[in-house]
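**Student:** Sequence and computational prediction follow.
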Amino acid sequence: MCPQEFARLSDEDLVRGLQAGCDSQEFEERYALLVERLQPRLFCAALRILRDRDEAEEAVSRTWESMLVSLGRYIPERCLVWTWLYAIVRHVCYNTIRKSVNEWDCLIEFRLRAAARDARARALWDQVGRYVEQMPAELRQVLILHWLERKGYEEIARLLGVAVRTVKYRSAHALLWLQQRAPEMREAARF
């Protein structure tokens, strides 16, 4: 097939050709056309999730690699190529976020102590710090991200890979947890 004929093929037909085991030149042409068509949309999807251009570019690269590895499992009759690739890029992005969230556990105490340098946060640290250290990790993460770092619920949900509803619950539960263990801290816990 000539390049003009490839251009008329749907994404699904291009992938069927890749799956059929075409010669290397035809494989490269089909793959290049697929990348040309879908790369911008994949990049936008990754950028919306990760909000970092470099990480989004890396996620899209890993998406194309995953696509080639799982090419034999794709069934064109079940979904569009775009739907399949979007699912791959979404999983790659969420895995990237999950890896960075695990780093949060290591940084929690550092961030609390850094926040303690601030005069307003120092007062909170003196009063609530020992309780926060005893708090369950999932509550502590949300408490720090929302109340000390002033991140929104949507951003926290994206970072932790959970629903916004879950973040709101954990935030409220963290404050309740503090209030139950230190009733005199009700005003400080509202920070």
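**Tutor:** In hand now; what should we look at?

**Student:** For residue 170, see how far away residue 176 is.
**Tutor:** Distance from residue 176 to residue 170, counting by CB to CB, to the nearest Å: 10 Å. (Each C-beta comes from the backbone N, C-alpha and C, glycine too.)

**Student:** Without its sequence neighbours, what residue ends up closest to residue 12?
**Tutor:** Among residues not flanking residue 12 along the chain, residue 76 sits closest, at 4.3 Å (CB to CB, 6 or more residues apart in numbering).

**Student:** can you pull the contacts of that neighbour?
**Tutor:** Residue 76 is in contact with 12, 15-16, counting by CB atoms under 8 Å, 6 or more residues apart in numbering.

**Student:** Sitting in helices, which of those do you find?
**Tutor:** Secondary structure from DSSP state H places 12, 15-16 of these in helices.

**Student:** Would you reformat the residues you listed as a markdown table and include neighbour count?
**Tutor:** Listed next are those as a markdown table, based on neighbours: other CB atoms under 10 Å:
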| residue | neighbour count |
| --- | --- |
| 12 | 16 |
| 15 | 22 |
| 16 | 16 |
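
**Student:** Mind giving me the packing neighbours of the helix or strand hosting residue 155?
**Tutor:** Secondary structure from DSSP states H and E places residue 155 in helix 153-160. Contacts defined by 3 or more CB pairs under 8 Å, 6 or more residues apart in numbering; DSSP states H and E place helix 153-160 against helix 81-117, helix 137-143, helix 164-181.

**Student:** counting contacts, what elements does the host helix or strand of residue 36 pack onto?
**Tutor:** Residue 36 is part of helix 24-50, with elements assigned from DSSP H and E. Contact partners of helix 24-50 among helices and strands, from 3+ CB pairs under 8 Å, 6+ apart: helix 3-7, helix 11-19, helix 53-69, helix 81-117.
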